[in-house]
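[1] build me a model:
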Amino acid sequence: MHCVLVDTCGWVAVIEAGINIDHALLECAGTKQLAILPKIVSELESLNDRKLMIQMLLSKAIMLDEPEDAGKHTDDQLLAIASDKKWPILTVDTELKRRLSQSNLSWIEVSGRSHLRLIE
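    Numbering: from 1, shown residues only. Coordinates of the predicted model:
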């Protein structure tokens, strides 16, 4: 199954832009299946001053186990999974996108605060 991994800042950007995630993902990636790590949920919950629709994310996403050999940092874990599965990561994090580019991995970003764009 092809999924899109969700980074915390990517989900925040989607919510703040008011993007219909299902429609936008189908358009740019050909799938609307999301995958998340427990650390992403924790990070979103720590941003409790925002309405980030965490329950909606949990209802749409597959919860993955943290990769054992990837370290404790969320970006390292996302990179390990993306590398293994060849799944794009939904992110707006500049440093994570740089690391993805160096590894020849793809990502999905919010573009123009109105739609998603797949970078391969």
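
[2] ok, His23 - how many residues close by?
    Residues lying near His23 (other CB atoms under 10 Å) number 12. Glycine gets a C-beta too; all of them are placed from N, C-alpha and C.

[3] buried residues, the helix of greatest length in the chain. List them.
    When the chain is parsed with DSSP state H, its longest helix is helix 74-85. Within helix 74-85, the residues that count as buried by 16 or more other CB atoms under 10 Å are 74-75, 77-82.

[4] strand partners of the next helix or strand after it, parallel vs antiparallel please.
    Using DSSP states H and E, the helix or strand that follows helix 74-85 towards the C-terminus is strand 89-90. The strands beside strand 89-90 in its sheet (DSSP bridges) come out as strand 4-6 (parallel), strand 107-111 (parallel).

[5] now Cys3: closest residue in space, sequence neighbours ignored.
    Among residues not flanking Cys3 along the chain, Ala35 sits closest, at 4.1 Å (CB to CB, 6 or more residues apart in numbering).

[6] what about the helices in the chain?
    8-17, 21-29, 38-46, 54-60, 74-85, 94-102.

[7] Glu66: which of those helices is closest?
    Ranking those by proximity to Glu66 (CB to CB) places helix 74-85 first, at 5.6 Å.

[8] now do that closest one: which elements does it pack against?
    Judged by 3 or more CB pairs under 8 Å, 6 or more residues apart in numbering; DSSP states H and E, helix 74-85 is in contact with strand 4-6, helix 38-46, helix 94-102.

[9] for the protein, which spans come out with low pLDDT?
    1, 49-50 (pLDDT under 70).

[10] ok, now with 80
    Applying pLDDT under 80 to the chain flags residues 1, 48-52, 70-71, 113.

[11] wait, what's in contact with the closest residue in space to Leu34 that isn't next to it in sequence?
    Closest residue to Leu34 apart from its sequence neighbours, by CB to CB, 6+ apart: Ala61 at 3.9 Å. Counting by CB atoms under 8 Å, 6 or more residues apart in numbering, Ala61 touches 6, 34-36.

[12] what's the separation between Val110 and Asp75?
    Note on Val110: its distance to Asp75, by CB to CB, to the nearest Å, is 18 Å.
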